[in-house]
Structure formats: structure tokens, C-alpha cells
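1. structure of the sequence below:
(chains A and B)
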2 protein chains.
Amino acid sequence: MINHRGPEFAAMLARILDGMKPFFGTTRDVAMLTCAGSGGLEAAIVNTLSPGDRVLGVSIGSFGDRFAKIAGIYGADVTKVAVEWGQAADPAAIRDALLANPGYKAVLLTHNETSTGVMNPIGDLAAAIREASPDSLILVDSVSGLGAVPFEMDAWGVDVVVTGSQKAWMAAPGLAMIAASDRGWAATETARMPRFYLDIRTHRESAAAGQTPFTPAIAVVYQVDEGLRLMQAEGRDGIFARHEACAAASRAGLQALGFELFADPRFASKTVTAARLPDGHDWKVFNGAIKSHGVVLAGGQGKLTGKIFRLGHLGSVTVDEILGAIAVLERVSIEQGRRIEAGLAVGAAQAAALAIQTGGASGTGSAGPGATAGTPSEPAAAVPA
Amino acid sequence: MINHRGPEFAAMLARILDGMKPFFGTTRDVAMLTCAGSGGLEAAIVNTLSPGDRVLGVSIGSFGDRFAKIAGIYGADVTKVAVEWGQAADPAAIRDALLANPGYKAVLLTHNETSTGVMNPIGDLAAAIREASPDSLILVDSVSGLGAVPFEMDAWGVDVVVTGSQKAWMAAPGLAMIAASDRGWAATETARMPRFYLDIRTHRESAAAGQTPFTPAIAVVYQVDEGLRLMQAEGRDGIFARHEACAAASRAGLQALGFELFADPRFASKTVTAARLPDGHDWKVFNGAIKSHGVVLAGGQGKLTGKIFRLGHLGSVTVDEILGAIAVLERVSIEQGRRIEAGLAVGAAQAAALAIQTGGASGTGSAGPGATAGTPSEPAAAVPA
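-> Model (predicted):
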């Protein structure tokens, strides 16, 4: 531990808050809070809104539901747009909702909906909102998206964006980062929802003096500092291509194993892939076998419990690791009596990744692991063990 | 990292929440939140109070001011009792304040006021409050006290107690633990201050299922688990005696160096010792020299900036480390031209610690370091380097 009121911490904090800006796509100030991503969502709301404000909560899954719920708890007048799970929000539908009922103070959007494996087209949605309701604040939950895929907060006219340390930043959980536009920062001065610990104004003031207002999760700050250094070394294009390749490999591999993908393919997440569990497929038995091989899958949340499973490919995850995970899924599927040709799914995943990372698919699935392990953007990584 | 929705995490969470209860002095439920201690203070307030509630904020320093400020931000009607810095709160004065003006919904107390090095007599204060105003909730900030000194929440009739991972628990910052009495938990059902992230009801519900409602600071959870294991091995009596001895050694050493102690000696903190900087003593020069020897002191906060400095002895700190720190202070003081006999301060500190840990003072200051390093409660520790 170091003194979080000393010069070493001040230098680290400045590196992080400045270093994250290109990933947010902003030149404006970023605040770092010690809390989970959900604390960051609460910060987005209580710092910009007042009780009674009309808010349009666009939900495409359980995290969208949560974002809207927080606004309601603090007294906002929330209208919810509930999109069918597995689908993204439709810019035209959001525009129509805003035009039909003008005067929304804010629109809440989820960038990457972890519960369904869907990534909303934030740029298109923001353009539709800006056109239909120029004065509405656009608040975006990008906890599990930012850093892994392109995001252009300033260019898109987004006002507040939230992310979390344990996602693209490759660190342990414990920190939420939140950026605001000029309009977003101005809103913090007039917002009347009560706040103290999550007040981003005091975080900005303290950051100007090289500190946080409250004792930060110092160990996690160190990790984010190192994660960001690795990200800067890999470069944004390399990171984005790696996530694209991992997502494509996951989709191709799972489909070759006979699983139906849950998300609309046009909006499939680049950081998590959800697949339906076939009828009669017992999640606990399946997951227990997968876990015995050292691969940790996530089950479905809420109404999707027992109906889908999710394969994460966010942060430090490499194509090699995804190939390893697909191999485990293949093996367990065969062991559990499903008729699957050994190697087919791994080959399909390999080809899909190669198509993105080298610009040309091999199509044969015969390339060895070395084919991806040798690319500069791909650190050598062990298959999960 | 492990899956925080899996069985390994559930076992660790249960170990921590149960293992902390004896240190709180309670058999009631404890909640663990990912936030700084100040987030825990906010949780204590928003979970038990409603806007308009009358609250008596007893402040003996900057953290007491903060506790009262949070209540005000959320709409409580706060009356402040501001005690002179360096002094503890007087039970008779608090009783009189409650009797003169009945109907306070809650009384806010600071156990260990880090800013002044004063420890309030919570048992005596709680008894006075219970006598004068039986229905008032007693909310206690023990962020930097709990675990290091005796605390009997149930026996004293205290309703909510907050602590932080980076203090007695010897872990990195990032987690706040909060315990509530039956009356405290009942208050969470009627409290109308808005809350979501800090709502301890959802934390209790999730804990019953082996989870936290939001992604926790897992790395810090591991550390608290290990810290608690070390504490259980040392035992409460050993821990409390070690903190007593470190505090006594710090006071004796600093006084022998000619520094005047800041806190009323009857209520001097067992976890941090504050001393006045003599007139003309430049804090930056003094602190820079001390830091070059690897000893990190804290300066004064707020109105005490440049007027006091503080020596911490909380958590894993041993008497040996305090003796080493006093030796550095002695050396720097001599180098800076103060007339001090070499060895006198270390000897005085040594004797004070021995008087507590062996029950008899040597009085001569001639005992070697082995005299304390060999006691069972004292792990061998290097002098700060």
C-alpha cells in the first residue's frame, strides 16, 4: 500500500484518468469511484437528475432494467421502453417515443447488455435521440463494453458513460470510471438528487489535486494502471480486432456445436456470447462438467436462468483461450452423448477468428494454435486450466 | 479472480461475515459493501433514516463533521454537538442535550476520530443516550477502531456500526462492513432516504444466498479473509494488548522527543497518535526527512494542517515497528539540531510497551528489541525500511 494522499498516487491517478479518455472518446474529465459498476450507474443518475425529472429508460435486458430502477428509486418519473431480450434497441423506435412524448430530461441506454449478449448501436441511438430531443441527456451504461470496442462519446453527443475496472481494463473489480460531457458536468450543478459518496463533483475537485475524496481501492488502482499500460501497448485497433475475433470464434464454435445463439446476430456482443440451452439440456450437469475442465461459463440471469449460458471474452481473453474453451465444450458435449465430429467446432472457431485477424478465412479449420498465437496483438496465453 | 456467484466465494463471504461478529460484539447480521468507509457512513444513514428526521451529530473532529454532513445532505434535520478537537465527547453533556430537546431519531457518534487521535468512550456514551432517549438509534463510525479495541455492540445497545477493510482487518481499502441491531434492521424497512447501491437489505438478502448484490472487490475480499484468519490466530486479547502497547510506546516516545500530545490523554486513540508540531517546526522539511527513512507519517487535516502530525499503529503494526519509527524520529530530530539524547525516546517507548505486554515496566529503557519480539502475540516484523 502507498499513501493515497502522496505524490506516487497522484501520478498514478493522473495516468489513469488521462489514459482512459481515448477509450471513452472524450477530451473531458473522467472520475474514478470505489464501487461496483452498479454504483457507477447510480452515480450517473444522481449526479445529473432531480426528483420528478422525466426519464426514458431503454432496457434490452436485466442491466437496462436496473438502470431504470435506480432512477425510479431516486424519484425520477421513468417511462420504460422494454425491448425483447436478445434484440437491440431500434433507433427509429426510440426517436418515435421521444417525438410522441417530448420533454424527457434524460434517456438511459445500455451499451453492452451482459445478460443477453447484445450490444446496442450507441452511435445510431444517440443520433436518433439528438435529432428527436436535442436537450435530453444521454446516459450510457458501458460497464462491460468500453475499452473493448470503439466508443466515441464526444462525437456521438453522449453525456455520461460508466465503465468498471473488472471489464476491459483487466483489473479486479472495485472501481467504476465515469466520464461526462460539458452538458453532463453542467447538469451536476443543478441536479437535486441527494448524493455524497457518489458525488462526481468532489471526485473531480480532488483529482485536480491528485487525490480521491475518499480512500480508494488502492490495490485495484494499481491494477487498472497496469491494465491500461498493456492496453496502450496493444493499441486500440489491436484490442478491438482481438475482441471481434474472440466474439466471431465464440459464435462459430458454439453454432458448430449445435447451440443456437441467443442474440440477434446483427447486434451480437463483442465481449460476451449467449447461447440457448437445448430443451432437456440440464444446466447444472453441463456446467459442472465444463467447470471440471477449468472453464467457467456463466448461466442465465433472471428469466433466462436455465435457458441460456454465456461465454465471456472480455479484457485479457485471447483467441487461443476461446479455442481452448470451445475444445472443452466439444469434448464435454461428446462425452455427454451428443453426436459431434471432434475438431469441427474448434476448426470453425479458428477459421472465424482468422477471417478477422488476418483478413482471410482458412475455411478448413486445420490451422494450428500457432496461427493466432504468433500475431503481435495476441500475447501468448495458456488455455484455461 | 473467481466467479463471485460460485461456491468458493459463498464460503469466503460466510467466513468473513460470521468471523467479524465477535469483533463487532454482535450476533446479528453484518453486510459487506464495496466502497470506502465514507460510503459505509452514508449506508448507516440512508438505511435507517428518513428526510426530516431529527439527528444529533456528535462531532469530535473531521470524520464526525462528515457523518453529520451526510445526514444533512439526505434531508435529516441535524443538530450538531461540536466538541473541542483533541477532546472526547462527554456522556453527561450528550445526555443533557438529549433531555433538553427530546425526540431525536438518531445520534451519530465517531468511535475513533482519526483526525485528532481521540477515541470516544462509546460504551459510556451509549449508556447515557439509552438513559436519556431510549428510542434514539445510535449509529457509530468505527471505521478505524473496530477490531483493534474492544467493542460490544449488543451489550452497549448500539444500533449500527461501520468499519473498513484497510483498518484493523489488515487488507487493502475497498470494502466497508456494517452491522445492525434488530432495531437497526427494523429501521431499514421504514427508512425513506433513497438508496440502491448502499441498500443493506439487498446485501443481507444476497448474503443469505452466498452472494453480494453487485460485483464485489474480490481481491480485497480475499485479503479480508486472510486478515481475519490472522486475527483469529492472534486472538482478541492479543490484538487489543498489541494495539495498547503500540499506542503507549508511541505516546511515550513522542513525549520523550519533546512533542506535546494532541489528544486528551484519558481518551488517546489506541490506533493513531497525534502530536503537535512545535512552533517554527516546518512540517514539509520534517516529513521529507522522516519519509527518506521509509517511515510514512500523516499530517494534520483541515484546520490542523501544519499544526499536528499523526503516527498510525493500526492493523498489522507491531511494537517493533513503532520502536523503529521512534528511532527514525529521534535521529531526524537530532540531525535537525534539536538537543536530544540518543536512545532516550526509544527507551521510553520500549518501557511503555513492556509495561503493557509483560505487566511490568522496565523503566530503564535498556531492554533490547528481543524483549517484545519474542512474545507470542507479536509476529517478528522488520523495522520500516
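2. need the residues of the stretch 101-250 of chain A near chain B, please.
-> Residues of the stretch 101-250 of chain A lying close to chain B by C-beta under 8 Å from any C-beta of the partner chain are A:164, A:166, A:172-174, A:193-198, A:213-220, A:223. Backbone N, C-alpha and C define where each C-beta goes, glycine included.
3. pLDDT below threshold where in chain A?
-> Within chain A, the ranges that satisfy pLDDT under 70 run A:359-385.
4. just to revisit the earlier point, among the residues of the stretch 101-250 of chain A next to chain B, which are in strands?
-> Applying DSSP state E to those, the entries found in strands are A:Gly164.
5. export stretch A:223-243 as CSV, just CAs?
-> This file holds the C-alpha atoms of stretch A:223-243, laid out as CSV (Å, rounded to 0.1, in the frame of the first residue of the first chain):
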residue,chain,number,x,y,z
GLN,A,223,-4.1,-3.0,-11.4
VAL,A,224,-6.0,-0.6,-13.6
ASP,A,225,-2.8,1.4,-14.1
GLU,A,226,-1.1,-1.8,-15.3
GLY,A,227,-4.1,-2.9,-17.4
LEU,A,228,-4.2,0.5,-19.1
ARG,A,229,-0.4,0.2,-19.8
LEU,A,230,-1.0,-3.2,-21.5
MET,A,231,-3.9,-1.7,-23.5
GLN,A,232,-1.8,1.2,-24.7
ALA,A,233,0.9,-1.2,-25.8
GLU,A,234,-1.5,-3.4,-27.7
GLY,A,235,-3.2,-0.4,-29.2
ARG,A,236,-6.9,0.3,-29.7
ASP,A,237,-7.1,-1.3,-33.2
GLY,A,238,-5.4,-4.4,-31.9
ILE,A,239,-7.7,-4.6,-28.9
PHE,A,240,-10.8,-4.1,-30.9
ALA,A,241,-9.8,-6.7,-33.5
ARG,A,242,-9.0,-9.2,-30.8
HIS,A,243,-12.4,-8.8,-29.3
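6. just the residues contacting that stretch, thanks.
-> A:12, A:15-16, A:19-20, A:22-23, A:147-150, A:165, A:168-172, A:175, A:270-271, A:313-316, A:318-319, A:356-357, A:376-378, B:219 (C-beta atoms under 8 Å, 6 or more residues apart in numbering or on different chains).
7. buried set for it?
-> A:223-225, A:227-228, A:231, A:234, A:238-243 (16 or more other C-beta atoms under 10 Å in any protein chain shown).
8. stretch A:344-360 now?
-> Of the residues in stretch A:344-360, those buried (16+ other C-beta under 10 Å) are A:345-357.
9. also stretch A:255-262?
-> In stretch A:255-262, counting by 16+ other C-beta under 10 Å, buried: A:255-257, A:259, A:261-262.
10. and which of the residues you listed is nearest chain B?
-> Nearest to chain B among those is A:Phe262, at 18.8 Å by C-beta to the nearest C-beta.
11. quick one, what contacts that closest one?
-> By C-beta under 8 Å, 6+ apart, the residues touching A:Phe262 are A:86, A:116-117, A:274-276, A:304, A:308.
12. of those, closest to chain B?
-> A:Leu304 (14.1 Å).
13. the closest one touches A:Gly117, doesn't it?
-> No: applying C-beta atoms under 8 Å, one finds A:Leu304 not in contact with A:Gly117, separated by 10.2 Å.
14. in three-state terms, label whichever residue of the stretch 251-385 of chain A sits closest to chain B for me.
-> Here the stretch 251-385 of chain A gets closest to chain B at one residue, A:Val296, 5.4 Å apart by C-beta to the nearest C-beta. With DSSP: H, G, I helix; E, B strand; the rest coil as the basis, A:Val296 sits in coil.
15. got it, and A:Gly57?
-> strand.
16. show me what contacts it?
-> Neighbours of A:Gly57 in contact, by C-beta under 8 Å, 6+ apart: A:64, A:67-68, A:71, A:78-81, A:108.
17. so of the residues you listed, which ones are in strands?
-> Short answer: the contacts of A:Gly57 in strands (DSSP E) are A:78-81, A:108.
18. show me just the buried residues among those residues.
-> So, by 16+ other C-beta under 10 Å, the buried ones in the ones in strands among the contacts of A:Gly57 are A:78, A:80-81, A:108.
19. quickly check these for the two that are furthest apart.
-> The largest separation in these, counting by C-beta to C-beta, is between A:Val78 and A:Val81 at 10.4 Å.
20. which one of the contacts of A:Gly57 is nearest chain B?
-> For the contacts of A:Gly57, the residue nearest chain B by C-beta to the nearest C-beta is A:Ala71; the value is 9.6 Å.
21. could you check which helix or strand contains A:Arg201?
-> helix A:200-208 (DSSP states H and E).
22. for that helix, buried residues please.
-> Per 16+ other C-beta under 10 Å, helix A:200-208 contains these buried residues: A:200, A:202-204, A:206-207.
23. for those residues, give me TSV that also has distance to A:Asp282.
-> As requested, those are arranged in TSV below (distance: C-beta to C-beta, whole Å):
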residue	distance to A:Asp282
A:Ile200	45
A:Thr202	50
A:His203	46
A:Arg204	50
A:Ser206	51
A:Ala207	50
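24. how far away is A:Leu17 from A:Ile122?
-> Distance, A:Leu17 to A:Ile122, using C-beta to C-beta, to the nearest Å: 22 Å.
25. what sits against the residue nearest the centre of chain A?
-> Centroid check for chain A by C-alpha atoms, centre = their mean gives A:Ser144 as the closest residue, at 1.6 Å. With contact set as C-beta under 8 Å, 6+ apart, A:Ser144 has these partners: A:37, A:111-112, A:114, A:164, A:167-168, A:271-272, A:314.
26. that one in helix, strand or coil?
-> coil.
27. the one 10 residues further on now?
-> Here A:Asp154 takes the helix state, with states given by three-state DSSP.
28. that one against A:Thr26, yeah?
-> Yes: using C-beta under 8 Å, A:Asp154 makes contact with A:Thr26 at a distance of 4.9 Å.
29. check which helix or strand covers the closest residue to A:Gly19 other than its chain neighbours.
-> With C-beta to C-beta, 6 or more residues apart in numbering or on different chains as the criterion, A:Gly19 has its nearest non-adjacent residue at 4.7 Å, and that residue is A:Leu228. Secondary structure from DSSP H and E places A:Leu228 in helix A:218-234.
30. could you point out the helix or strand that follows that helix?
-> helix A:236-256.
31. is the following helix or strand past that following helix in proximity to chain B?
-> Note on helix A:236-256: by DSSP H and E, the next helix or strand toward the C-terminus is strand A:272-276. No: between strand A:272-276 and chain B, judged by C-beta under 8 Å from any C-beta, nothing touches; the nearest distance is 13.9 Å.
32. need the CA coordinates for strand A:272-276. CSV is fine.
-> Below are the C-alpha coordinates for strand A:272-276, written out as CSV (Å, rounded to 0.1, in the frame of the first residue of the first chain):
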residue,chain,number,x,y,z
VAL,A,272,-19.9,-12.0,-24.3
THR,A,273,-21.7,-14.6,-26.3
ALA,A,274,-25.0,-16.1,-25.2
ALA,A,275,-26.3,-19.4,-26.5
ARG,A,276,-29.6,-21.2,-25.8
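33. next, the angle helix A:236-256 makes with that strand.
-> Going by axes from the mean of the first three to the mean of the last three C-alpha atoms, to 10 degrees, strand A:272-276 is angled at 10 degrees with respect to helix A:236-256.
34. and which of the buried residues of stretch A:255-262 is nearest B:Glu330?
-> Once C-beta to C-beta is applied, the member of these that ends up nearest B:Glu330 is A:Phe262, at 68.1 Å.
35. how about the closest one, nearest residue that isn't a chain neighbour?
-> Using C-beta to C-beta, 6+ apart, the nearest residue to A:Phe262 is A:Ala274, at 3.9 Å.
36. residues near that neighbour, how many?
-> 29 (other C-beta atoms under 10 Å in any protein chain shown).
37. touching, it and A:Thr114? I think so.
-> No: A:Ala274 is beyond contact range of A:Thr114, at 9.0 Å (criterion: C-beta under 8 Å).
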